[in-house]
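Participant: My questions concern the predicted model and sequence given below.
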Amino acid sequence: MKRLFSALLIALLLVLPVLTTHADNGQYVYVDDDILTAEELETINARAVEIARDRGVGVYYFYYSDVEDLPSYIMQFAAEHVVEENALVFGFSAEYRYALQIGSIAEAALNDDVVDGPLMDAYRAVKGDPQGKLLAFYNAADEALGAYFDTHGQDAAHAAGEPDSETVPDYIALTDGGKPTLVDHAHLLTQNQAEALSIRLKEIGSEYRCDVVIVTVQSLGNKTSEAYADDYFDYNGYGYGAKPNEEGTTIDGDGILLLLAMEDRDFAISTSGYGITAFTDYGIQEYLETSFLPYLSDNDYSRGFSAFADGCEYLLKTARDGIPYDHRRIYIEGWTDYRLLPFNDRAESIANRYGIGIYFLENSVITDADAFAEDFVKNRLLESNAIVLVGGPNGHVILTVGSAAYAKFTAEKFAAVKDAVEPYLGSNDTNGALSAYMDLCSEIISDYAHVLVGNEFNDSQRLSANEQLRALYAEHGIALYFLYDETAQDPKALAEDFLNGETVLEANAAVLGANATGSAVAVRGDLASNKFSARRTAKLVKAIDPYLKANDIPGAFAAFAERGEKILNWRPVNWLTLAIASIAGLLFGFIPANALKRQLTSVNKQTSAEAYMEPSSFTMTQNANVLLGTHTTRSVHVVQQSSSGGGRSGGGGSSFHGGSTTHHSSSGGTHGGHSGKF
């Protein structure tokens, strides 16, 4: 009977005007007034419009609780409202549900098994959220249609009325290549929000000659988010300055595309052409994503997309101004990553070890080195302490940032750096300038002057002593200084003046001042004061002074380092905790032992073990040595291995990753970017 109704209905529809993109009144969802708000109804209906437009199949849903003859009502409803050649009409009343498929594709792709299976499963899975239930129903219908077209080919889609290209709302701004800057298939934005955002994306793309695009979808189908984003960029003709081929595909055009897939909350950023240069891996992950992903995670899509647009504008500006936002500390126009790599690795190693960055940035588009350096220092330094050289065709500027860098690069040493690089810069010898700059800055930064002893130490002794104190600081967080000045009148004043000057930068420090006859200690910081109490400090001085009086300065330092390490390793004893633990141990030991003792009984107490033996009760016929315990000495066998030089990871100069990693899309285009969850 249902097939007869379907045949009659199709015959009736053939005499009616047929539209292939939307229902006659644009409405696909009909429900009782108290079920959905007007905004929720609009959101769900927009999803149905999208399916009808993309798949060519109308999916109608209604729920009227007072309908008595549901099948008849659906037949009448279909005759009055359904305009597609293929459609599913699915309705509920208070007691029944009924599905009617119209057209060969709807009958095959959305048959009763599909409706009663995946569609109803998705519908039932959502509890207490009418809007969520309906969106799940429509998403499941879209997936079923997509699976059908994947199996039967795109001819089936076109036979169902799928348009050759998407209809772009007139309020969406287009790229310079005529493509929509915003494609919101997931309906995350209102019309006003979408219009304002698309205009903003258009302005950024036009100003910096790089398409900036946002696309939202419900599902990725069988693709990864990375592949979907890359293919969407290429096959839809995106890319500033690129000319699509006859199929509409572009390769390596300049642009960036953000994709959101709502089903599993996937995102992907795809870059192409100049977008790969401007949006480095570091810039995407450490700047761009940190600005917009928190909003997306909170479902604040409008602010999230606005933050994405702002981030793209800044990263494009920094790239066009001369230096892309990157993890690199050394960047020179025209130099390959391979050529820059050893310098960046060296700068990374120094920053990891001493906490002071060395930057050398040169590009012909930097017309105002001072302004560029100011912005770079404000927004892009990787450390709080650094020395930065910025250069362009109009000159160079060198500046230090942070108190530690300022203390290292005194006026005399800073002038030495300028004097070392200026001759090379004046003759346009960038390679010579960079080498001289790196060598001198490295030497100044690595001069860990925590041992100041004049000529009493040779260079090797001074280096070893400084490294010893550095290791203690790294482990305990308290800096130790050893000062010897035989002309000093008062060791205490020597230590205090040095501690209160500009040289000691650490929050916790202990400075020993010494002359030819004695020593004294000055301390700063709560942690250092707790360790270097008056009693322990007195013992420290007592251990050092005999070496000073014997004019054995290396011996005095050795005593200082040894005794200082003991003080740093000291931990206070909590006597209350120790007492509680002791009492608890006694109780837990006494109670079980006493209980076991009560189980042991003897008939008569005897004075020796032999008294308990009965004659002929036990006869030993064999004896043997039995190993009751062992004592094993273990040694460690050490094998020294060389680095493979393969993966570049870890600290100490081996963690530099500059620029952008790339891959190829199905179209053959080269893309960069990043993907993940939000």
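Facilitator: Everything's here; your move.

Participant: now stretch 550-569, how far from the centre of its chain.
Facilitator: On the basis of C-alpha atoms, centre = their mean, to the nearest Å, stretch 550-569 sits 45 Å off its chain's mean C-alpha point.

Participant: List the buried residues for it?
Facilitator: For stretch 550-569, the buried set under the neighbour-count rule, 16 or more other C-beta atoms under 10 Å, comprises 553, 556, 557, 558, 559, 560, 561, 563, 564, 565, 567, 568. All C-beta atoms are positioned from the backbone trio N, CA, C, and that covers glycine.

Participant: what residue lies at the spatial centre of the chain?
Facilitator: The centroid of the chain falls nearest to residue 285 when counting by C-alpha atoms, centre = their mean (5.5 Å).

Participant: Next, count neighbours for the closest residue to that one other than its chain neighbours.
Facilitator: Counting by C-beta to C-beta, 6 or more residues apart in numbering, residue 674 is the residue found nearest to residue 285 once chain neighbours are left out, at 5.8 Å. When neighbours are counted by other C-beta atoms under 10 Å, residue 674 registers 18.

Participant: Doesn't residue 674 belong to a strand?
Facilitator: Yes. According to DSSP: H, G, I helix; E, B strand; the rest coil, residue 674 belongs to a strand.

Participant: For it, which residues count as its bridge partners?
Facilitator: residue 269 (DSSP bridges).

Participant: Against residue 313, how distant is the residue nearest to the centre of the chain?
Facilitator: Distance, residue 285 to residue 313, using C-beta to C-beta, to the nearest Å: 18 Å.

Participant: Tell me who's in contact with residue 417.
Facilitator: When contacts are counted by C-beta atoms under 8 Å, 6 or more residues apart in numbering, residue 417 touches 387, 398, 409, 437, 440, 441, 444.

Participant: If you rank those by neighbours, which is first?
Facilitator: Highest neighbour count within those: residue 441, with 28 neighbours (other C-beta under 10 Å).

Participant: which phi and psi does that residue have?
Facilitator: phi -60, psi -40 (degrees, to the nearest 10).

Participant: pLDDT score assigned to it?
Facilitator: Note on residue 441: pLDDT of 94.

Participant: and if you look at the one 3 residues further on?
Facilitator: Reading off the confidence values, residue 444 has pLDDT 89.

Participant: tell me what the strand or helix carrying it is packed against?
Facilitator: Here residue 444 sits within helix 430-445, counting by DSSP states H and E. Secondary-structure packing of helix 430-445 (3 or more C-beta pairs under 8 Å, 6 or more residues apart in numbering; DSSP states H and E): strand 330-332, helix 337-354, strand 357-362, helix 411-426.

Participant: what do you get if the cut-off is 10 Å, keeping everything else the same?
Facilitator: strand 330-332, helix 337-354, strand 357-362, strand 386-392, strand 395-401, helix 403-408, helix 411-426 (3 or more C-beta pairs under 10 Å, 6 or more residues apart in numbering; DSSP states H and E).

Participant: Show me which positions of that helix end up buried.
Facilitator: 430, 433, 434, 436, 437, 438, 440, 441, 442, 444, 445.

Participant: Just want the angle from that helix to strand 357-362.
Facilitator: 160 degrees (axes from the mean of the first three to the mean of the last three C-alpha atoms, to 10 degrees).

Participant: Could I have the CA atoms of helix 430-445 written out in CSV?
Facilitator: The C-alpha coordinates for helix 430-445 follow below in CSV (Å, rounded to 0.1, in the frame of the first residue of the first chain):
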residue,chain,number,x,y,z
THR,A,430,76.9,39.8,6.6
ASN,A,431,78.6,36.5,7.1
GLY,A,432,81.6,38.2,8.8
ALA,A,433,79.3,40.4,10.9
LEU,A,434,77.3,37.4,12.1
SER,A,435,80.4,35.3,13.0
ALA,A,436,82.0,38.2,14.9
TYR,A,437,78.8,39.0,16.7
MET,A,438,78.1,35.4,17.7
ASP,A,439,81.7,34.8,18.9
LEU,A,440,81.9,37.9,21.1
CYS,A,441,78.4,37.7,22.5
SER,A,442,78.9,34.1,23.4
GLU,A,443,82.2,34.9,25.1
ILE,A,444,80.6,37.7,27.1
ILE,A,445,77.5,35.7,28.1
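
Participant: Tell me the helix or strand right after it.
Facilitator: Counting by DSSP H and E, what follows helix 430-445 is strand 451-452.

Participant: so how far is that next one from its chain's centroid?
Facilitator: Taking C-alpha atoms, centre = their mean, one finds strand 451-452 lying 42 Å from the centre of the chain it belongs to.

Participant: Can you name every helix or strand that the helix or strand following that strand contacts?
Facilitator: Where DSSP H and E defines the elements, the next helix or strand beyond strand 451-452 is helix 459-476. Packing partners of helix 459-476 (3+ C-beta pairs under 10 Å, 6+ apart): helix 337-354, strand 451-452, strand 479-484, helix 526-531, helix 553-569.

Participant: quick one: buried residues of helix 459-476?
Facilitator: Buried residues in helix 459-476, defined by neighbour count with 16+ other C-beta under 10 Å: 462, 465, 466, 468, 469, 470, 472, 473, 476.

Participant: same question, stretch 484-502
Facilitator: In terms of neighbour count (16+ other C-beta under 10 Å), stretch 484-502 has its buried residues at 484, 485, 488, 491, 494, 495, 496, 498, 499.

Participant: Stretch 366-375 too?
Facilitator: In stretch 366-375, counting by 16+ other C-beta under 10 Å, buried: 366, 369, 372, 373.

Participant: Which residue ranges of the stretch 51-200 of the chain form helices?
Facilitator: Remark: helices assigned in the stretch 51-200 of the chain by DSSP state H, counting those that start in this stretch are 70-81, 104-109, 112-114, 120-125, 130-152, 154-159, 191-208.

Participant: Would you mind giving the ones you listed as a markdown table with mean neighbour count, distance to residue 218 and mean pLDDT added?
Facilitator: As requested, the helices of the stretch 51-200 of the chain are exported to a markdown table (neighbours: other C-beta atoms under 10 Å; distance: least, C-beta to C-beta, whole Å; pLDDT from 0 to 100):
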| stretch | mean neighbour count | distance to residue 218 | mean pLDDT |
| --- | --- | --- | --- |
| helix 70-81 | 16 | 24 | 79 |
| helix 104-109 | 20 | 17 | 86 |
| helix 112-114 | 14 | 18 | 88 |
| helix 120-125 | 15 | 12 | 91 |
| helix 130-152 | 19 | 5 | 89 |
| helix 154-159 | 15 | 17 | 45 |
| helix 191-208 | 19 | 17 | 96 |
